[in-house]
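S.K.: the following comprises the amino acid sequence and a computationally predicted model.
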Number of protein chains: 2
Amino acid sequence: MASNKPTLQDIADKAKVSRMTVSRVFSEKNNVSKETTEKIKKIAKKIGYHPNLIARSLSNRKSKTIGVFVPKTRHLFLDIYITQILSGISDVTQEFDYRLMLFPIDYKKEKSDLYLSIAMSHLVDGIILIKTKVNDKGLEELKKIKFPFVLVNHRDNTYNFVDTSNEKGAKLAIEYLYKLGHRKIAFVAGSMDETNAIDRLNSYKKTLKYFGLPYRKEWIIYGEFSKEKAYEASIELFNSKNLPTAIFCSDDYMAIGVMERIKNVGLSVPKDISIIGFDDIEISSYIKPSLTTVRQPMSMIGEKSAELLFDLINKKRTPPIHEFLDVELKIRRSTSKPK
Amino acid sequence: MASNKPTLQDIADKAKVSRMTVSRVFSEKNNVSKETTEKIKKIAKKIGYHPNLIARSLSNRKSKTIGVFVPKTRHLFLDIYITQILSGISDVTQEFDYRLMLFPIDYKKEKSDLYLSIAMSHLVDGIILIKTKVNDKGLEELKKIKFPFVLVNHRDNTYNFVDTSNEKGAKLAIEYLYKLGHRKIAFVAGSMDETNAIDRLNSYKKTLKYFGLPYRKEWIIYGEFSKEKAYEASIELFNSKNLPTAIFCSDDYMAIGVMERIKNVGLSVPKDISIIGFDDIEISSYIKPSLTTVRQPMSMIGEKSAELLFDLINKKRTPPIHEFLDVELKIRRSTSKPK
DNA sequence: CTGAAAGCGCTTACAG
DNA sequence: CTGAAAGCGCTTACAG
């Protein structure tokens, strides 16, 4: 650490002006004479002045920083899915000349006043929460103090959120299978404490009904958005005598787990069973067969959520705001007509 | 924003003590009587007090935050490789009860006083820079003011760094190919403005020499750590009459690009040509054939660099510190004996 | 366009 | 164990 960092006062002394004038130059108020501005900038450069942003924050009550809560999953807190959302957030944050503070969090374990204490800490001007769980008590506190925050991929009408059209996504998948000729369609659900998982499940049920397809409880299994869990749970599907001809999985990792299972029971994709995933993560186009999946526009989800947050911070929109982003079916080789 | 957030003074008034005493309670100095401590905590809870961390930072000159510079690559600033490093950094940061500020950066474009201005801003107590380029002018400034910082995966003896044993990694790969019986081994280099790429190339040359293998300039191609570039550049290898029997690629993405090329020229991996990559990214175990590669301990690299940074911040070690982490050869199906 | 005064909400460094 | 004083380095809100 430099022992004595120059301050506004140091420059003011040398330039023979008040430190207020120097402050104006660095906060770009453009109301200082050209002459003095140049003199001040020259001196600043010479003595190596850089503003103390903490001091600035304390007095103007703006941190110019947003906080992003990201779920820790699978030991690694960032899977590819979240990485892309984060990337979108980061792009917009830089456009707005803001900084980004990361809060990795285990939503299940964290005490409920974490959000509030960070909101009250003045460290950030707004918060984005990626994939919170249902019934998160902390959110109500944030709303109560009118702190700007946006939920990402968590649909709760009480709050601001940016979410994927999960309903449409699941519908697209089932519809596509139906049109291929499938009538026996099983479903692999995600973690039921996330609205993503709930919405996809409900849309699966609804779409089956719409097409007049049979709904069978034993054709729904629960994989908790995990490849391994999906692999384990999917054994049940193959113990029954009545095999589905297609399986729609709530995310790509689970689809990969199910494909492994299918291989292990001696069947083949898509010849015996068609598989559709959800997300379109990078691996999905590399595996064999490549995975048909519902693509979420991940980095756009990040961008939109950051844009919304800045609108809230700048009071350009009033809560609650709800945005749904569109999905797209990526057809690859894990789906075909039934035998 | 809450209109009037309670401050230390508010609690002090109600508790009939000085705000200094209240401050002591919240900074956990443990030198306040049990009785008063409890009274203060009770009042704080009742009126919803949460400390203003910005104010605390200004007066005690500690931000309790570290900054991490991450390269923006491939439009998405975070590829899987960086994600894992970041995850390791984040784990250690939480252990030390610090916060984490993210600075996505294009190292080639950024003006050179960015590091310095952030170091001087008091926003962070230390900095980790992931994959800087050779000849980055800004680093010298940081060193001059003795600001704690650590380079990740960039070997520059002037500064603190945590790097992979690239030399050993490349040696392991070549050695393995040699033992399989390969004598004609080509090399795909990364971006030559990164020491990672340089070190792997040098080790390739050195190891060839060690085994008495022929070094041919036309067997070295440059893929800039990009799948597409590697695909493009690798065409040259197949225009020559003298084909290699194995290709060692400086990263997995390039290995994937080269494998595509091999397929497109009608050859097959590993039957005609063996392929080895570097990194062990997630896809590498999913592609067909699965990729033999030199595994970097990515999240450990993150952990070690954060631990080193905290040691520097707490003056437990003195710069320059250089750490190399071990690599491991993951043998999969993209390598076999030559025909 | 410029400045004097007051303040942001904490902690440091004494002192007792 | 507790407190009075001063200060961290800025900006706000006047005033001229």
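M.R.: That came through, no problem.
S.K.: kindly report the residues of chain A close to DNA strand D.
M.R.: Neighbours of DNA strand D within chain A, by CB under 7 Å from any atom of the strand: A:5, A:7-9, A:19-20, A:23, A:26-27, A:49, A:51-52, A:55-56, A:58-60. Using the backbone N, CA and C atoms, a C-beta is placed for each residue, glycine as well.
S.K.: could you list which of the residues you listed belong to helices?
M.R.: Members of the residues of chain A next to DNA strand D lying in helices (criterion: DSSP state H): A:8, A:9, A:19, A:20, A:23, A:26, A:55, A:56, A:58, A:59, A:60.
S.K.: give me the buried entries from those residues.
M.R.: A:8, A:23, A:26, A:55, A:56, A:58 (16 or more other CB atoms under 10 Å in any protein chain shown).
S.K.: re earlier: in JSON lines: the ones in helices among the residues of chain A next to DNA strand D, plus pLDDT.
M.R.: Output for those, formatted as JSON lines (pLDDT from 0 to 100):
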{"residue": "A:8", "pLDDT": "93"}
{"residue": "A:9", "pLDDT": "91"}
{"residue": "A:19", "pLDDT": "90"}
{"residue": "A:20", "pLDDT": "91"}
{"residue": "A:23", "pLDDT": "93"}
{"residue": "A:26", "pLDDT": "91"}
{"residue": "A:55", "pLDDT": "97"}
{"residue": "A:56", "pLDDT": "96"}
{"residue": "A:58", "pLDDT": "96"}
{"residue": "A:59", "pLDDT": "95"}
{"residue": "A:60", "pLDDT": "94"}
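S.K.: and those, which two are furthest apart?
M.R.: A:9 and A:60 (18.0 Å; CB to CB).
S.K.: return the per-residue confidence for the residue of the stretch 101-250 of chain A found nearest chain B.
M.R.: With CB to the nearest CB, the shortest gap between the stretch 101-250 of chain A and chain B falls at residue A:120, namely 3.5 Å. With respect to pLDDT, residue A:120 scores 96.
S.K.: quick one, phi/psi of the closest residue to it other than its chain neighbours?
M.R.: Nearest residue to residue A:120, sequence neighbours excluded (CB to CB, 6 or more residues apart in numbering or on different chains): residue B:50, at 3.5 Å. Residue B:50 adopts backbone torsions of phi -140, psi 130, taken as degrees, to the nearest 10.
S.K.: next one, pLDDT for residue A:107 please.
M.R.: 86.
S.K.: how about residue A:76?
M.R.: 58.
S.K.: tell me where the stretch 201-339 of chain A has helices.
M.R.: A:227-233, A:235-239, A:252-264, A:298-313 (DSSP state H, counting those that start in this stretch).
S.K.: save those as a markdown table, and put in mean pLDDT, distance to residue A:129 and mean neighbour count too.
M.R.: Formatted as a markdown table, those follow (pLDDT from 0 to 100; distance: least, CB to CB, whole Å; neighbours: other CB atoms under 10 Å in any protein chain shown):
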| stretch | mean pLDDT | distance to residue A:129 | mean neighbour count |
| --- | --- | --- | --- |
| helix A:227-233 | 96 | 24 | 19 |
| helix A:235-239 | 91 | 34 | 14 |
| helix A:252-264 | 96 | 22 | 22 |
| helix A:298-313 | 97 | 9 | 22 |
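S.K.: for these, which one sits closest to DNA strand C?
M.R.: Counting by CB to the nearest atom of the strand, DNA strand C lies closest to helix A:298-313 out of the helices of the stretch 201-339 of chain A; the figure is 18.4 Å.
S.K.: show me what that closest one is packed up against.
M.R.: Counting contacts by 3 or more CB pairs under 8 Å, 6 or more residues apart in numbering or on different chains; DSSP states H and E, helix A:298-313 is packed against strand A:65-71, helix A:80-95, strand A:126-130, strand A:149-152, strand A:161-164, strand A:322-325.
S.K.: and the second one, is it in reach of chain B?
M.R.: Yes: judged by CB under 8 Å from any CB of the partner chain, helix A:80-95 and chain B are in contact via A:80, A:83, A:84, A:86, A:87, A:90, A:91, A:94.
S.K.: quick one on the thing from earlier: so which of the residues of chain A next to DNA strand D are also by DNA strand C?
M.R.: Near DNA strand C, by the rule CB under 7 Å from any atom of the strand, you find A:20, A:55, A:58, A:59 out of the residues of chain A next to DNA strand D.
S.K.: residue A:305 and residue A:163 touch, don't they?
M.R.: No: between residue A:305 and residue A:163 there is no contact under CB atoms under 8 Å: 9.5 Å.
S.K.: any shared contact partners between these two?
M.R.: Jointly contacting residue A:305 and residue A:163 under the rule CB atoms under 8 Å, 6 or more residues apart in numbering or on different chains are residue A:152.
S.K.: can I assume residue A:257 is in contact with residue A:234?
M.R.: Yes: contact criterion CB under 8 Å: residue A:257 and residue A:234 qualify, at 7.0 Å.
S.K.: intersection of neighbour lists for these two?
M.R.: Common neighbours of residue A:257 and residue A:234, counting by CB under 8 Å, 6+ apart, are residue A:223.
S.K.: domains for chain A, by residue range?
M.R.: The domain map for chain A lists A:8-51, A:65-163+A:298-324, A:166-297, with the assignment taken from automatic domain parsing.
S.K.: for the ones you listed, which one sits closest to residue B:252?
M.R.: Nearest of the domains of chain A (CB to CB): domain A:166-297, 11.1 Å.
S.K.: which bits of chain A sit near DNA strand C?
M.R.: Taking CB under 7 Å from any atom of the strand as the measure of proximity, chain A contacts DNA strand C at A:17-18, A:20-21, A:24, A:30-36, A:55, A:58-59.
S.K.: list the buried residues in whichever strand or helix holds residue A:196.
M.R.: For residue A:196, the host element (DSSP states H and E) is helix A:195-210. By 16+ other CB under 10 Å, the buried positions in helix A:195-210 come out as A:195, A:196, A:197, A:198, A:199, A:200, A:201, A:203, A:204, A:207, A:208.
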